[in-house]
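In: below is the sequence, then the predicted model.
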Amino acid sequence: MKTYTIEIAGFTRHLPIIKINNHLSIASFNLLGDVDLVCAAAEAIAEHLPHIDVLITAEAKGIPLIYELSKHLKLPRYVVARKQVKKYMNKPIIHEVQSITTAEKQLLALDYEDAAFLNYKRVAIIDDVISSGSSLEALERLVNKAGGKIVAKACILVEGDSVDRQDVFHLNELPLFTNAMVECLD
């Protein structure tokens with residue numbers, strides 16, 4: 001399997017290059033289970049955040065990052081937008097999203113209590129990777145519907161169109177690969 005080597009917060013990782021479709025491949029970054037990188041990335045991101053009251057991410061790979069960030073920033077609670085409406089959710093706020101790594105449209109949903117918690121709060125949207133920006137946009141809409149004020153957006157990596165974004169703090173950049181480019185890699 002071909003890989004792409006990247007440095008993130010002082011750690012080197014070799015990411016497998018995965019074919020997304022007939023024209024596009026990505027260096028697949030999986031934060032889940034990488035405790036050392038989660039801790040280092042959270043510390044590096046925390047240094048660049050303004051004063052915030054709460055962090056939000058989309059389920060699931062951003063969860064360990066906002067957990068660690070919440071500990072680092074001494075925040076008592078964080079919010080996770082779920083990818084489906086759960087039975088326990090009371091009056092959920094819902095928004096559809098199309099991610100680069102997912103074939104079908106997905107939902108992002110906030111329970112009424114989480115939405116009420118975001119109301120009038122200074123919110124930082126956190127993610128592991130931002131590519132097309134569709135998940136970020138969905139989170140922005142959910143926070144706005146809940147009455148929160150977005151004061152920061154941050155992630156570990158950006159790729160694709162998001163490399164040029166000025167409104168998102170990130171630790172490093174990932175290239176997108178045409179499948180012809182992948183064939184040329186060692």
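Out: Right, received. Where do you want to start?
In: count of neighbours near residue 149?
Out: Other residues within reach of residue 149 by the criterion other CB atoms under 10 Å amount to 14. For the C-beta atoms, the positions are set from N, CA and C on the backbone; glycine is no exception.
In: which one is it nearest to, not counting chain neighbours?
Out: residue 122 (5.5 Å; CB to CB, 6 or more residues apart in numbering).
In: residues in contact with the spatially most central residue of the chain?
Out: By CA atoms, centre = their mean, the chain has its centre lying nearest to residue 127, at 1.6 Å. Going by CB atoms under 8 Å, 6 or more residues apart in numbering, residue 127 touches 57-58, 61-62, 135-136, 139, 154-156.
In: and for residue 59?
Out: Residue 59 makes contacts with 80-83, as judged by CB under 8 Å, 6+ apart.
In: quick check: it vs residue 84, distance?
Out: Between residue 59 and residue 84 the distance is 9 Å, computed by CB to CB, to the nearest Å.
In: can you check residue 146 too?
Out: If you measure residue 146 against residue 84 using CB to CB, the figure is 18 Å.
In: residue ranges of the strands in the protein, please?
Out: Listed from the start of the chain, the chain has strands (DSSP state E) covering 3-8, 11-19, 24-27, 54-58, 79-81, 93-97, 106-110, 122-130, 149-159, 169-174, 176-178.
In: buried residues in the lowest-mean-pLDDT helix or strand in the chain?
Out: None of the helices or strands of the chain scores lower by mean pLDDT, DSSP states H and E than helix 179-184, at a mean of 73. Using 16 or more other CB atoms under 10 Å as the burial criterion, the residues of helix 179-184 that qualify are residue 182.
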